[in-house]
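>>> dropping the sequence and predicted coords here.
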Amino acid sequence: MKKRNLLALFLFAICLGAVAQPTAPSGKKWQKVNILSDEFDSFDSSKWQKGHPYWSGRSPSQFNDDNISFGSGNMCITATLKNADRTDDWVWTGCLTSQTKAFKKGMYAEVRMKAADLAIVSSFWMQGSYSEIDVIENWGEVKESNWYLDYTMMSNTHYYKDGWDNDITTPKHFTNPDNSMNSENYHVFGVWWEDAWTINFYRDGSYVGTATPGGAFEEDMYMFFDMETFTWGPGLPSNEDLENWTKSTAFYDYVRTYELVEDATSTTQKVSLKNQNNNLYVCSENGLQEMTCNRSSVGDWEKFEFIDLGNSVFALKGNNGLYVSSENGDKAMTCTRTDIGAWEQFTLEHKGDQVYELKGNNGKYISSNMWCNSNGGSNSDQFLFTWGLKSASITTSAINEDKQAEIKIYPNPANNYFTIETNGIEEDELPLSIYSISGKLCKKQVFKTNSSFQINISDLSSGMYYVKCGSLFNKKLVIK
């Protein structure tokens, strides 16, 4: 009977297919981390260990290696009844752990799973010695009707460098579409540990929210899959629930982990700089001599790779593969640096119509003589940016002209807000993303379709951006 129920369960599971990782930064791509990726066809002891390396489980449950099994392409964790009189630690559950602390800052990981239909959480999480990322702690059922956790993606971070008594948590709750139950079907849950202060969560390939931890996450972490009991609020499973295998089992279809690497095939964003006083172009001189601003046309030496460092700060790389340096304003600029330091960082100040002033780290501006020692404010200190190839993450070929009649944004140029107006869209909601000209994701949110919706952009710097709505629309936006 159990075998027939299990077969029906797997036939019922809907295959969601591959879920894309977050958009990689310009010049980067996602590469699979094999030691933290598995299709779970069988137990791979080179990647995983049964049990937890330093914890026996959350009372009244305890981890038991026998409660982990593999079959039909799934890793299964089952909760079973240990003591029928419900005394002491009376529930057995299981935990699967990575062999090493291999999950690192910058990585993205996702699991496709179906939570157990049980008043126990089915979990996917990472932990070091003082930091923890709970991608999900999903309840399959709650015994108390006033709790909502059985249709919520429950995520969290913990920072406990000063001990668990001083743990700083950042709990997040993301309601499932249509209030669907966690135990109804398989879903893909992901996390991108973007940097020490940014933990982004995803469900079925869509961004749902970000947690800012209580302290900097800088250490490598173990990866865990487990089931745990909690004695508060939602309640505990009945004995009958624990004796029903199909109800008390969480199914993990796969885990896939990726890291960012250089993308040698990416189309990088190129830009030329034309001075507004002499109408001539900046030249790198291929790094062989001091830079000039005396070219009447744009060749390879007059094209620069634009590297967005955030907050309107950027660097320029010449066709020789070296970075432009302000030389701290002590001499004429060069294109000779192998790394980005303070002298290789500049701040964009938008003057309108893609004309900018460029300020060096010394607080002075670049002028047509290619020294970084001007006070700014004149045509000699202003450059027209002409953008060439777009980055791989946001290309002009992605612009869907057929759909622009259905989606409008205004005003453009915009200041602190713009309005997006949609008509005739089948979806009730759409994700909206705003990218910098170099392809960096600057803002992301979900908006209601078939109406007018106002987007706050007061936190974005002046300049050129792209607004993207799902796969339907991609339009240039100028922020004043």
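Yep, it's here.
>>> show me where the stretch 51-200 of the chain has strands.
Along the stretch 51-200 of the chain, counting by DSSP state E, counting those that start in this stretch, strands occupy 61-63, 68-71, 74-78, 80-81, 91-93, 95-98, 108-114, 121-127, 131-139, 152-159, 168-169, 172-175, 187-195, 198-203.
>>> do the stretch 351-480 of the chain as well
Counting by DSSP E, counting those that start in this stretch, the strands of the stretch 351-480 of the chain are 355-359, 365-366, 372-374, 383-387, 407-410, 417-422, 429-436, 441-448, 452-456, 463-469, 473-479.
>>> tell me the contacts of the residue nearest to D41 when sequence neighbours are not counted?
Spatial nearest neighbour of D41, chain neighbours left out: G73 (5.8 Å); criterion: Cβ to Cβ, 6 or more residues apart in numbering. C-betas here are computed from N, CA, C, even on glycine. For G73, the contact set (Cβ atoms under 8 Å, 6 or more residues apart in numbering) comprises E39, F40, D41, D253.
>>> tabulate those residues (TSV), appending pLDDT and distance to A102.
Converted to TSV, the contacts of G73 look like this (pLDDT from 0 to 100; distance: Cβ to Cβ, whole Å):
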residue	pLDDT	distance to A102
E39	96	18
F40	97	17
D41	95	20
D253	96	21
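>>> tell me what L384 is bridged to.
K274, V355 (DSSP bridges).
>>> quick one: it from V271, how far?
10 Å (Cβ to Cβ, to the nearest Å).
>>> more crowded one of the two?
Between L384 and V271, V271 has the larger neighbour count (other Cβ atoms under 10 Å), namely 21 against 16.
>>> what sits closest to N278 if chain neighbours are left out?
Closest to N278 by Cβ to Cβ, 6+ apart is S368, at 5.6 Å.
>>> give me the neighbour count for that neighbour.
Residues near S368, counting by other Cβ under 10 Å, number 22.
>>> tell me the contacts of it?
Contacts of S368 (Cβ under 8 Å, 6+ apart): N275, N277, N278, L280, C293, S380, D381.
>>> what's near enough to touch V91?
Contact partners of V91, counting by Cβ under 8 Å, 6+ apart, are P60, S61, Q62, A79, T80, L81, K82, I120, T229, L236, P237, L242.
>>> report the residue spans of the stretch 201-350 of the chain with pLDDT below the cut-off.
263-268 (pLDDT under 70).
>>> and the strands in it?
206-211, 222-228, 249-262, 270-275, 281-283, 292-295, 304-310, 313-317, 323-325, 334-337, 346-352.
>>> make JSON lines from those and add distance to S155 to it.
Converted to JSON lines, the strands of the stretch 201-350 of the chain look like this (distance: least, Cβ to Cβ, whole Å):
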{"stretch": "strand 206-211", "distance to S155": "7"}
{"stretch": "strand 222-228", "distance to S155": "14"}
{"stretch": "strand 249-262", "distance to S155": "16"}
{"stretch": "strand 270-275", "distance to S155": "39"}
{"stretch": "strand 281-283", "distance to S155": "47"}
{"stretch": "strand 292-295", "distance to S155": "51"}
{"stretch": "strand 304-310", "distance to S155": "25"}
{"stretch": "strand 313-317", "distance to S155": "31"}
{"stretch": "strand 323-325", "distance to S155": "38"}
{"stretch": "strand 334-337", "distance to S155": "41"}
{"stretch": "strand 346-352", "distance to S155": "35"}
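>>> ok, which of those strands comes nearest D178?
Comparing the strands of the stretch 201-350 of the chain against D178 with Cβ to Cβ, the closest turns out to be strand 206-211 (14.1 Å).
>>> from what I see, W193 and E218 are in contact.
No: in this structure, W193 is not within contact of E218 by Cβ atoms under 8 Å, at 10.6 Å.
>>> between the two, tell me which one has more neighbours.
Taking other Cβ under 10 Å, W193 and E218 do not tie; W193 has more neighbours (22 against 11).
>>> excluding chain neighbours, what is closest to A216?
Nearest residue to A216, sequence neighbours excluded (Cβ to Cβ, 6+ apart): A196, at 4.1 Å.
>>> burial count for that neighbour?
Other residues close to A196 by other Cβ under 10 Å number 14.
>>> which residues sit in contact with it?
K105, A216, F217, E218.
>>> out of those, give me the one that has the most neighbours.
Most surrounded of these: other Cβ under 10 Å gives F217, at 22 neighbours.
>>> leaving out sequence neighbours, find the closest residue to it.
According to Cβ to Cβ, 6+ apart, the nearest residue to F217 is S131 (4.7 Å).
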